[in-house]
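Student: the following block contains a protein sequence and its predicted model.
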Amino acid sequence: MDFEVLKEAVAAGIVVMQSTRAGSGRTFKGKRLRDAGFLTTDNLTPQKARLLLALALTVSAEPGEIERIFLTY
């Protein structure tokens, strides 16, 4: 997806997360992504991150709270 479109989604209040399909390791959150308001999925695969995000959104839509949930679980 286009980076600018994703930035617009964040500005509209949509949670945008970055994950990786690599076999192992953490997702790097660079300055560009951090400045754009993207969240990372830490070391979760996209499939696992999607499930955790769905559960997290039942608790809160605040990016800070969702990030805390991803860092905790």
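Tutor: Structure's in. What do you need?

Student: all contacts plus neighbour counts: C-alpha atoms, from now on.
Tutor: Noted.

Student: confidence score at the residue of the chain positioned farthest from its centre?
Tutor: The outermost residue of the chain, judged against the average C-alpha position, is Gly23 (18.2 Å), by CA atoms, centre = their mean. Looking at Gly23, its pLDDT is 75.

Student: now swap in Thr45 and tell me
Tutor: 90.

Student: thinking again about what came up before, tell me which element the residue farthest from the centre of the chain is part of?
Tutor: For Gly23, there is no host helix or strand (DSSP states H and E).

Student: cool, and the one 4 residues further on?
Tutor: Counting by DSSP H and E, no helix or strand carries Thr27.

Student: tell me, how many residues neighbour it?
Tutor: 18 (other CA atoms under 10 Å).

Student: again with Ala22
Tutor: 12.

Student: so what's it up against?
Tutor: Shown in contact with Ala22 (CA atoms under 8 Å, 6 or more residues apart in numbering): Thr45.

Student: contacting residues around the residue most central in space within the chain?
Tutor: The chain has Met17 as the residue nearest its centroid, 2.3 Å off, counting by CA atoms, centre = their mean. The contact partners of Met17, by CA under 8 Å, 6+ apart, come to 38-41.
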